[in-house]
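*Asks:* Sharing a sequence plus its predicted fold:
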Amino acid sequence: MRKLSMPDDRQDLTVVASVSGGKDSTALILALREAEIPARYVFADTGWEADETYVYLDFLRDYLRIEIEQVGVEGGMEARCRHRAGFPGRMQRFCTRELKIEPLRAFHDQVEEETGKETISAMGVRAAESERRSTMPEWEDEGPRYTRDRWGGWVWRPLIAWSVQDVLEIHRRHAVPVNPLYQLGHDRVGCYPCIYSNKEEVKLISIRTPDRIDKIRALEAEMTALRQVRNEVTPGRYKHVDDATFFQTQRQGFSGIDKVVEWARTDYGGKQFNLFAEPPKGGCMKWGACDFAAHDAETEQVARIALDALDEGRRAEAMTIAREVLQRMLDADRMRRGV
Ligand code: SF4
């Protein structure tokens, strides 16, 4: 791959790279380093990520000796759900905007104020990931002001033409492992789970981390109770009182987490059949802040091996894969430090 470079008229601006803990944003960090382009790194914490992602981000901070700043809203996803007595969905898709785009925009504004220079928002999105991303340009200038449909500044997607092999290759060149979630069978990194999860992801989460399913069940009960209380104060405030569910299925409308998990563990609908409507194309989604399932051949293959192991009750084997990855991370870090 060609080395990244900045156009002459943008040399003086501050590059702020969004980091998610996924393989593409890690490749972005490495590509910026190779090109010796100074950058600040920021992670939008939804408070709803997998534990492995927080560990992995700490690893990147330590191993690459970089600061990855963190932004978010107090209480994260759960607090925003309590505020609304409901979960993000097709009609009220508040999660990306409130948990990622707005905190990131505020961070950029703060950097601009500190430095007196405009920022460039660098994102590790690739055209090959999805049809939606295939039409995204490498550079976009969205003008001077943030609105609901405009970032309001420079957006740079330097990896837009990269393949998954390019992404893995740059990890290898720098001896940086990918987030262990991939080895555990996941094909995306981000909210755990995302409201746009596919069947396989729900199944995997239910097997691997049943406590997350317990948490969703408890939240569904809490949101339903909150709606009832608020409806007593303001009658009719919530039309759907008994169906505050994390997932909204395409066909049945609302389904509690236990029904969704039960369905996800059947063969009906195929392994990759989406429970929900496709992730939307416009609005806050167009900046690529959320990482939706990429389904590239390599991660699918790794996913299949780990999932089959879990399916067949070989949980220990799947966990061993994760442990090996973490051990490699620690060994590499020790070697680098010479201890
Ligand atoms: S990853 Fe999914 S749940 Fe999380 S903010 Fe993005 S769309 Fe919402």
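*Replies:* The structure has been received and is ready for your questions.

*Asks:* for the chain, what spans make up the strands?
*Replies:* 14-18, 39-44, 68-71, 119-122, 139-141, 154-156, 247-249, 253-255 (DSSP state E).

*Asks:* closest one to the ligand among those?
*Replies:* Checking the strands of the chain against the ligand by Cβ to the nearest ligand atom gives strand 39-44 as the closest, at 8.6 Å. All C-beta spots, glycine's among them, are computed from the backbone N, C-alpha and C.

*Asks:* The closest one pairs with which strands?
*Replies:* Strand 39-44 has these partner strands in its sheet, going by DSSP bridges: strand 14-18 (parallel), strand 68-71 (parallel).

*Asks:* Just name the most buried of the strands of the chain.
*Replies:* strand 119-122 (a mean of 23; mean count of other Cβ atoms under 10 Å).

*Asks:* partners of that strand, with directions?
*Replies:* Going by DSSP bridges, the partners of strand 119-122 are strand 14-18 (parallel), strand 154-156 (parallel).

*Asks:* I'd like to know which of those is closest to residue 243.
*Replies:* strand 14-18 (34.0 Å; Cβ to Cβ).

*Asks:* Can you name the residues in contact with that closest one?
*Replies:* If you take Cβ atoms under 8 Å, 6 or more residues apart in numbering as the criterion, strand 14-18 is touched by 6, 25, 28-29, 32, 37-44, 104, 107-108, 111-112, 115, 117-124, 156, 289.

*Asks:* in the stretch 51-200 of the chain, what spans have low per-residue confidence?
*Replies:* 90, 131-132 (pLDDT under 70).

*Asks:* all helices in it, in order from the N-terminus.
*Replies:* Ranges of helices in the stretch 51-200 of the chain, per DSSP state H, counting those that start in this stretch, are 51-64, 76-84, 95, 102-115, 131-134, 164-173, 180-183, 199-208.

*Asks:* Quick check: residues of the stretch 151-300 of the chain near the ligand?
*Replies:* 190-191, 194-196, 290 (Cβ under 6 Å from any ligand atom).

*Asks:* OK, now which residue of the stretch 1-150 of the chain is nearest to the ligand?
*Replies:* residue 95 (3.2 Å).

*Asks:* From residue 240, how far off is the nearest residue to residue 89 once chain neighbours are set aside?
*Replies:* Spatial nearest neighbour of residue 89, chain neighbours left out: residue 248 (4.6 Å); criterion: Cβ to Cβ, 6 or more residues apart in numbering. Distance from residue 248 to residue 240, counting by Cβ to Cβ, to the nearest Å: 10 Å.
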